[in-house]
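Novice: Need coordinates for the below:
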Amino acid sequence: MSMDQISLFIVLAGVFVFFAWGRWRYDIVAISALLVCVLIGIVPSDTAFEGFAHPAVITVAAVLIISKGLANSGAIDRVAHIVVPPLKSLAGQIGVMSGFAAALSAVMNNVAALALLMPATIESAKKANRSPALLLMPLSFGSILGGLITLIGTPPNIVIGHFRNDALGAPFSMFDFTPVGLAVAIVGIVYLALVGWRLLPRERQAKSAPDELFDVGNYLAEVLVPEGSSAVSMRLAELEEIAEACDLSIAGIVRNHKPMLRLPKSATILERDILLLETGPKELDKFVHKLGLETKGSADNGKGLFASDDVVLVEAVVSADSRLIGRESGELRLRSRYGINLLGISRQGQTIRKRLHKVVFRSGDVLLLQGDADGIADTMARLRILPLAERGFLMGKRSHAWIAASLLAGAVALAGLGVASLTVSLALAALGMVLFVIVPARDIYEAIDWPVIVLVAAMIPIGGALETTGATVLITESILSLSGSHSPAFILTLLFIATMTLSDLMNNVATAVMMAPIGIGLASALDVNPDSFLMAVAVGSSCAFLTPIGHKNNALVMGPGGYHFGDYWRVGLPLELLITVVAIPMILWVWPL
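Specialist: Okay, here's the model as predicted:
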């Protein structure tokens, strides 16, 4: 084993550890690993950033813009209200809902598909008086399964498609994934509808869907500033310092029956003002006595906040790429900077009520936010947090829905007929979304998931280093020596299981980039069809069902569903075993060795 190979294996082990740890975001881990490879001479400095110009990166970006266009057009909203109704049969509801999620994920980013369908799914659970936990995990798993069906369904498929082009001179086409992916998706959805939900713990199954995830009255209180109170004539900044010392926060002020959320720090507290406080009983008592205030009791389960139609409460979930992740509420200054109040946080179904300004946000946290009705939607979009309630109206114009669908269909047709490459075809469709103002020009870069772009671009040179250092040959020889005289089909199965297991612990794109060269190496050493091994890597790297960290969708539903870490493997392990049983024969049939 050469020094370069040893160094590369150490870097890859570090990537694995940091991905599994989850403390650093995956794009930071990937770019750090790339720079380490450059510094130690494994990746040449003059080619280190060629990954950013790779067609796979452009394809992923175009798919994300197209997904944003489909969402903005209102096409998904209209269909979701028809396809995701509350049904008497839970199995029927799960089957229809997860099947629709899979169909959407075949033609758009599966994270976007899940985000669009979550509000309708939660509303459906409420109407049927069912636990959201029964529906949200199947929704997540269904959207992941749908990504297997086409080349653009998920970034690992895109990476594998372009890797085939780099290694063998021809990419996979749009629907080369369909026979295997569709069979796996159908079997997986049937399992979720008939068996999967039954494996959830009874407390998750039995919990009724609440009207709200938060009991606002438990931690919101109204206090009056009476004549003679030391708070009179005090600046808001001073009052907030005292409030923080008492371990509570000021959610807003009601003056002349009008809630006021955007008062400057220099604003003066007036007699007869009503302070809306986020607090517990002991903290409230301390604050009231310190300033000579009068308690008015709880905020009537939040209704006191609605003295004006200008103020609303919204429940939202923190997405995997949100600006909030890893930061404290107090550090972000949500009220002064964004005009919203954080009134509660729920994590894995448990409400956090104290010292919210010190809580570090995580992906999947459910937030209760208070803000101006007109601006809160834009603020949530900027922060990349997703609403959990239906918006009550359909976005977009009907003509936009048809245009968006036509642009996507046109891109598929251009690529299918060989008029243009898939990358160029999708880039044209993305441009069309902008020219028709389905995705406004100001939102283009907001639509792109930049951590994924950086991840793909950084991992491509690292994947290339597996080849240039001879590490792929070394790994291939080790696998073959350990497997002895077993058949190529057995080794294909081992590769599939190893890829799927790795994807449960680290990002699926990184898994695809790392395992694709190994698949090619194994096929070459066995003198069999490399497409079989690449397809095994593509399917295996996307099937992350054992943990909430393996796929963004799993993390996204963790908070709203109130799931615990162990719930995923209870439902996901039988699903992964079933996928293995179905996928391997299908791969061998469609892509014979």
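
Novice: For the helix or strand Val452 falls within, the averaged confidence score.
Specialist: Assigned by DSSP states H and E, Val452 falls within helix 450-468. The pLDDT scores in helix 450-468 average 91.

Novice: And it, how far out from the chain middle?
Specialist: 21 Å (Cα atoms, centre = their mean, to the nearest Å).

Novice: could you say what helices and strands that helix packs with?
Specialist: Contacts defined by 3 or more Cβ pairs under 8 Å, 6 or more residues apart in numbering; DSSP states H and E place helix 450-468 against helix 3-21, helix 26-39, helix 55-73, helix 155-168, helix 471-483, helix 508-526. From N, CA and C alone the C-beta is placed, and that goes for glycine too.

Novice: Give the other helices and strands that the second one contacts.
Specialist: With contacts defined as 3+ Cβ pairs under 8 Å, 6+ apart, the packing partners of helix 26-39 are helix 3-21, helix 450-468.

Novice: One more: the shortest one?
Specialist: In this structure, helix 471-483 packs against helix 3-21, helix 450-468, helix 488-505, helix 508-526, with contacts taken as 3+ Cβ pairs under 8 Å, 6+ apart.

Novice: what's the angle from it to helix 3-21?
Specialist: Relative orientation of helix 471-483 versus helix 3-21 (axes from the mean of the first three to the mean of the last three Cα atoms, to 10 degrees): 80 degrees.

Novice: Report the inter-axis angle for helix 471-483 versus helix 508-526.
Specialist: 70 degrees.

Novice: pLDDT (mean, whole number) over helix 471-483?
Specialist: Rounded mean pLDDT across helix 471-483 is 88.

Novice: for that helix, which positions count as buried?
Specialist: Ala471, Thr472, Val473, Leu474, Ile475, Thr476, Ile479, Leu480 (16 or more other Cβ atoms under 10 Å).

Novice: can you dump the C-alpha coordinates of it into CSV?
Specialist: The C-alpha coordinates for helix 471-483 follow below in CSV (Å, rounded to 0.1, in the frame of the first residue of the first chain):
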residue,chain,number,x,y,z
ALA,A,471,-7.0,2.8,-4.2
THR,A,472,-9.8,1.4,-6.3
VAL,A,473,-7.7,-1.5,-7.5
LEU,A,474,-6.6,-2.2,-3.9
ILE,A,475,-10.1,-2.2,-2.6
THR,A,476,-11.3,-4.4,-5.5
GLU,A,477,-8.6,-6.9,-5.0
SER,A,478,-9.4,-7.0,-1.2
ILE,A,479,-13.1,-7.6,-1.9
LEU,A,480,-12.4,-10.3,-4.4
SER,A,481,-9.9,-12.1,-2.1
LEU,A,482,-12.4,-12.0,0.8
SER,A,483,-15.2,-13.3,-1.4
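
Novice: Give me the pLDDT for the closest residue in space to Leu495 that isn't next to it in sequence.
Specialist: Distance criterion Cβ to Cβ, 6 or more residues apart in numbering; nearest residue to Leu495, sequence neighbours excluded, is Ala536 at 5.4 Å. Reported pLDDT at Ala536 in the predicted model: 96.

Novice: The helix or strand containing Ala536 packs against which elements?
Specialist: Secondary structure assignment for Ala536, by DSSP H and E: helix 530-542. For helix 530-542, the packing partners by 3+ Cβ pairs under 8 Å, 6+ apart come out as helix 155-168, helix 178-194, helix 488-505, helix 508-526, helix 565-590.

Novice: Among these, single out whichever gets nearest to Gly559.
Specialist: Among the helices and strands packed on helix 530-542, helix 565-590 comes nearest to Gly559, with 12.6 Å by Cβ to Cβ.

Novice: so who does the most centrally placed residue in the chain touch?
Specialist: The centroid of the chain falls nearest to Lys552 when counting by Cα atoms, centre = their mean (3.6 Å). Shown in contact with Lys552 (Cβ atoms under 8 Å, 6 or more residues apart in numbering): Val111, Ser319, Ala320, Asp321, Ser363.

Novice: Next: Arg272.
Specialist: Arg272 neighbours (Cβ under 8 Å, 6+ apart): Leu224, Val225, Pro226.

Novice: who's the closest residue in space to the last one that isn't next to it in sequence bridged to?
Specialist: If you skip the residues right next to it in sequence, Pro226 has Glu294 as its closest partner in space, 5.1 Å away by Cβ to Cβ, 6+ apart. Residues in a beta bridge with Glu294, per DSSP bridges, are Leu224.

Novice: next structured bit after the helix or strand of the chain with the lowest mean pLDDT?
Specialist: For the chain, counting by mean pLDDT, DSSP states H and E, strand 294-298 ranks last in confidence among helices and strands (a mean of 66). Sequence-wise, the next helix or strand downstream of strand 294-298 (DSSP H and E) is strand 311-318.

Novice: Would you enumerate the residues in contact with the residue of the chain positioned farthest from its centre?
Specialist: The centre of the chain is farthest from one residue, Gly228, which by Cα atoms, centre = their mean lies 51.4 Å away. Residues in contact with Gly228 (Cβ under 8 Å, 6+ apart) are Gly292.

Novice: that's a strand at it, yeah?
Specialist: No: per DSSP: H, G, I helix; E, B strand; the rest coil, Gly228 lies outside any strand segment and is coil.

Novice: Report the inter-axis angle for the helix holding Ala536 versus helix 155-168.
Specialist: Going by the same axes, to 10 degrees, helix 530-542 makes 160 degrees with helix 155-168.

Novice: where does this structure have low pLDDT?
Specialist: Scanning the chain with the threshold set as pLDDT under 70 gives 75, 78, 80-85, 207-220, 261-262, 280-281, 296-310, 349, 351-357, 390-399.

Novice: Domain map for it?
Specialist: Listed domain ranges for the chain are 3-207+419-590, 216-306, 314-387 (source: automatic domain parsing).

Novice: sorry, back to before: next one: the residue nearest to Pro226 from Ile274, what distance?
Specialist: 10 Å (Cβ to Cβ, to the nearest Å).

Novice: Now the common contact residues for these two.
Specialist: Val223, Leu224.

Novice: Can you tell me the closest non-neighbouring residue to Ile65?
Specialist: Ala430 (3.9 Å).

Novice: residues of the helix or strand where the one you found lies that come out buried?
Specialist: Assignment of secondary structure by DSSP H and E places Ala430 within helix 422-435. Neighbour counts over helix 422-435 (16+ other Cβ under 10 Å) mark Leu422, Thr423, Val424, Ser425, Leu426, Ala427, Ala429, Ala430, Gly432, Met433, Val434 as buried.

Novice: And the furthest pair within those?
Specialist: The farthest-apart pair in the buried residues of helix 422-435, when distances are taken by Cβ to Cβ, is Leu422 and Val434, at 19.1 Å.

Novice: and the residue nearest to Pro226, how many neighbours?
Specialist: By the criterion of other Cβ atoms under 10 Å, Glu294 has 12 neighbours.

Novice: Tell me the spacing between it and Met234.
Specialist: 16 Å.

Novice: next one: Glu50
Specialist: 60 Å.

Novice: So for the two, which residue has more residues nearby?
Specialist: Per other Cβ under 10 Å, whichever of Glu50 and Met234 has more neighbours is Met234, with 18 against 14.

Novice: Name the nearest residue to that one, sequence neighbours excluded.
Specialist: Nearest non-adjacent residue to Met234 (Cβ to Cβ, 6+ apart): Ile269, at 5.0 Å.

Novice: which residues touch the residue nearest to Tyr26 when sequence neighbours are not counted?
Specialist: Closest residue to Tyr26 apart from its sequence neighbours, by Cβ to Cβ, 6+ apart: Asn507 at 4.6 Å. Asn507 sits next to Phe19, Tyr26, Leu455 when contact means Cβ under 8 Å, 6+ apart.

Novice: Pull up the gap between the last one and Leu275, please.
Specialist: As judged by Cβ to Cβ, Leu455 and Leu275 stand 45 Å apart.
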